[in-house]
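A.B. asks: here you go, sequence then predicted model.
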Amino acid sequence: MNVPIYKNLHSSKELKIDKVNSEVYRLNSSFTNPEFKQYDFWSFQGGSYRSRPDWIVPVVDNFSQENYQGMNAREYGGGTPVTDLWNRTMGMAVAHIEPIFKPVNLPVEVQSDKQVRIGVIFEQEDNILSPEEEYQTIMTMVLVHDGDCYNGLSVYSSLMQKQGLTFEKFSDGSYEPIWCGWGYGEDFTLNDMYGTLPKVKELGFKWAVLDYGWENNNGDWLPIKSKLPNGEKDMKAFVEKVKEMGMKPKLWCVPFDADTASNLAKEHPDWFVLNKDGEKVRISFWNTFFLCPAVPEVQEYQVELARRYIEDWGFDGLKIDGMCLNLAPPCYNPAHKHKSPYESCEKTAEVMRKVFEKAKLGDKKALAIFKEYGTHLGEAIKTIMFAVDPEAIILGGSVCQSYPLFQKTMWEQVQTFPYQNSIDRLVIERSDEPHIAILGAAALYYDSLPGQQP
């Protein structure tokens, strides 16, 4: 890992930073085997484009791709900020490993001498370094490895997880077969769906998706009267029908967009992303416009929609359209008072995490499991209190990401401990440290060493 710090040594002049080149290398495959051409590499390139190119491609003569991690088209952007090149002998990966979005390029370019240039390029907007001021570049990674890109991506993943970006265990339902009503297109009817469900069940599908076309508009996200004339009543009836047949209902939706004809757009015109020219940013497929994920009210609205779908209407899952899921455009809306136009990009993943947590809270089966876990954990804590009467207990591990789901039942059980003074002084905290178990084991070993106080 590498985090250089630079300083403007001039005592009176400002310095404008336009671009920061990090981890820039020129690779020559023929150095490992004279029979190879200089550019004979396979590559992993994590840019997201409208043309949807493969991420694993051979490098050919005159190849060039920027792999910009921002918006490469109005509806396409983001990706995985890793570039990895390899041949039969060795491989090399570069990446940015900041825990939030950064607008970097990770170019792969066959240059005029046929060697391949790679790097992490961070372009700046109006970044002025005052006299004597320091500038810290973004965290980057360079890795030399054997094998293919799996090894580079595995190390990248481990570095991100050490910064707290860990994965929860996927539910069993994530692997079950899904039938999607999109086969009927936008112009489906409820009779189409109901008529197909028996065959869907017969074929062994576990999920049935109500797809694009159920909504009155993007923005308000209410049932359209032409297909669900009784509104939410018809929506709930569909959900119940799917469940009666032993399947789970899932609803299609899109985050961060709104039609200008929606009530949301009329009531909250200041929620939209604006480009440098002060214009809304269009999403061409639906002819709608991006909402800014950095606006707190937009965040709350996205979470409220998830609550409506799961808790009010009874859906067991969401099919979130990929069109707006990866990233939002940079936002120049003066009403938002962004420190950087890229705040809209940085907040996209954070909002989707909140949506996920809200959707999970609506999963009654999962909630019951967490409540039971909290009860058992509370019993274990009481055993510890009997043994050592602690003043503080620190909980660690990935399960702590779901702490709000079991906190209540855990404390309810702790409150049954017979000595109130011990309860009153006890503090239970959770740690985000990814290696808390190792640290705890090391502390126990340290305490056991001769001369240490117990």
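C.D. replies: Perfect, thanks for sending it.
A.B. asks: now do the helices in this protein.
C.D. replies: With DSSP state H as the criterion, the chain has helices at 149-162, 190-202, 232-244, 263-267, 296-307, 343-361, 364-388, 403-414, 420-425, 436-448.
A.B. asks: to Ser130, which of those lies closest?
C.D. replies: Taking CB to CB, helix 343-361 is the member of the helices of the chain nearest to Ser130, at 22.2 Å. No exception for glycine: its C-beta is placed from N, CA and C like everyone else's.
A.B. asks: now that closest one: mean pLDDT?
C.D. replies: For helix 343-361, mean pLDDT rounds to 88.
A.B. asks: contacts for that helix, please.
C.D. replies: 70, 77-78, 100-101, 103, 255-256, 273, 292-294, 298-299, 302-303, 305-307, 309-310, 317-318, 320, 325-331, 336, 338, 340, 366-367, 402, 405 (CB atoms under 8 Å, 6 or more residues apart in numbering).
A.B. asks: in that helix, which residues are buried?
C.D. replies: Using 16 or more other CB atoms under 10 Å as the test for burial, helix 343-361 gives 343-349, 351-352, 355, 358-361.
A.B. asks: which of the residues you listed sits closest to Ser12?
C.D. replies: Among these, Glu343 lies closest to Ser12 (CB to CB), at 31.7 Å.
A.B. asks: from Glu125, how far off is the closest one?
C.D. replies: Using CB to CB, to the nearest Å, Glu343 is found at 12 Å from Glu125.
A.B. asks: what's the answer for Thr83, then?
C.D. replies: Per CB to CB, Thr83 is found 23 Å from Glu125.
A.B. asks: more crowded one of these two?
C.D. replies: Thr83 (26 against 12; other CB atoms under 10 Å).
A.B. asks: surely the more buried one meets Trp42?
C.D. replies: No. Using CB atoms under 8 Å, Thr83 is not in contact with Trp42, being 12.0 Å away.
A.B. asks: list the contacts of the nearest residue to Ser431 once chain neighbours are set aside.
C.D. replies: Distance criterion CB to CB, 6 or more residues apart in numbering; nearest residue to Ser431, sequence neighbours excluded, is Gly396 at 4.6 Å. Gly396 is in contact with 430-431, 433, 436-437, 440, counting by CB under 8 Å, 6+ apart.
A.B. asks: could you export the residues you listed as TSV, including pLDDT and distance to Leu165?
C.D. replies: TSV is the format used below for the contacts of Gly396 (pLDDT from 0 to 100; distance: CB to CB, whole Å):
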residue	pLDDT	distance to Leu165
Arg430	82	17
Ser431	80	16
Glu433	71	13
Ile436	70	16
Ala437	69	18
Gly440	74	22
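A.B. asks: now, of those residues, which are buried?
C.D. replies: Here, 16+ other CB under 10 Å leaves 430, 433, 436 buried among these.
A.B. asks: the first one and Cys400: what is the separation?
C.D. replies: If you measure Arg430 against Cys400 using CB to CB, the figure is 4 Å.
A.B. asks: His96 too?
C.D. replies: In terms of CB to CB, His96 sits 27 Å off from Cys400.
A.B. asks: who has more neighbours, these two?
C.D. replies: When neighbours are counted by other CB under 10 Å, His96 and Cys400 differ, and His96 comes out ahead with 22 against 16.
A.B. asks: and the more buried one, bridged to which residues?
C.D. replies: When assigned by DSSP bridges, His96 has beta-bridge partners Thr140.
A.B. asks: list the contacts of it.
C.D. replies: By CB under 8 Å, 6+ apart, His96 lies in contact with 22, 69, 81, 102, 104, 106, 120, 122, 138-141.
A.B. asks: over to Asp84?
C.D. replies: Neighbouring residues of Asp84 by CB under 8 Å, 6+ apart: 43-44, 91-93, 148-149, 152-153.
A.B. asks: tabulate those in TSV, adding columns for neighbour count and pLDDT.
C.D. replies: What follows is those, written out as TSV (neighbours: other CB atoms under 10 Å; pLDDT from 0 to 100):
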residue	neighbour count	pLDDT
Ser43	23	98
Phe44	23	98
Gly91	24	97
Met92	20	98
Ala93	25	98
Asp148	16	97
Cys149	23	97
Gly152	26	95
Leu153	18	97
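A.B. asks: endpoint to endpoint, stretch 274-288 covers what distance?
C.D. replies: Across stretch 274-288, the terminal residues are separated by 13 Å (CA to CA, to the nearest Å).
A.B. asks: winner for burial among the helices of the chain?
C.D. replies: Mean neighbour count (mean count of other CB atoms under 10 Å) peaks for helix 343-361 among these, with a mean of 19.
A.B. asks: give me the distance from it to the chain's centre.
C.D. replies: Centroid displacement of helix 343-361 relative to its chain, using CA atoms, centre = their mean, to the nearest Å, is 7 Å.
A.B. asks: now that helix - C-alpha only, CSV.
C.D. replies: This file holds the C-alpha atoms of helix 343-361, laid out as CSV (Å, rounded to 0.1, in the frame of the first residue of the first chain):
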residue,chain,number,x,y,z
GLU,A,343,-20.3,13.7,-2.9
SER,A,344,-23.2,12.3,-4.9
CYS,A,345,-21.0,9.5,-6.1
GLU,A,346,-19.5,8.8,-2.6
LYS,A,347,-22.9,8.5,-1.0
THR,A,348,-24.5,6.1,-3.5
ALA,A,349,-23.2,2.9,-1.8
GLU,A,350,-24.0,4.3,1.7
VAL,A,351,-27.6,4.9,0.7
MET,A,352,-28.0,1.4,-0.8
ARG,A,353,-26.6,0.0,2.4
LYS,A,354,-29.3,1.8,4.3
VAL,A,355,-31.9,0.5,1.9
PHE,A,356,-30.6,-3.1,2.4
GLU,A,357,-30.7,-2.7,6.2
LYS,A,358,-34.3,-1.5,6.1
ALA,A,359,-35.3,-4.3,3.7
LYS,A,360,-33.7,-6.8,6.1
LEU,A,361,-35.6,-5.3,9.0
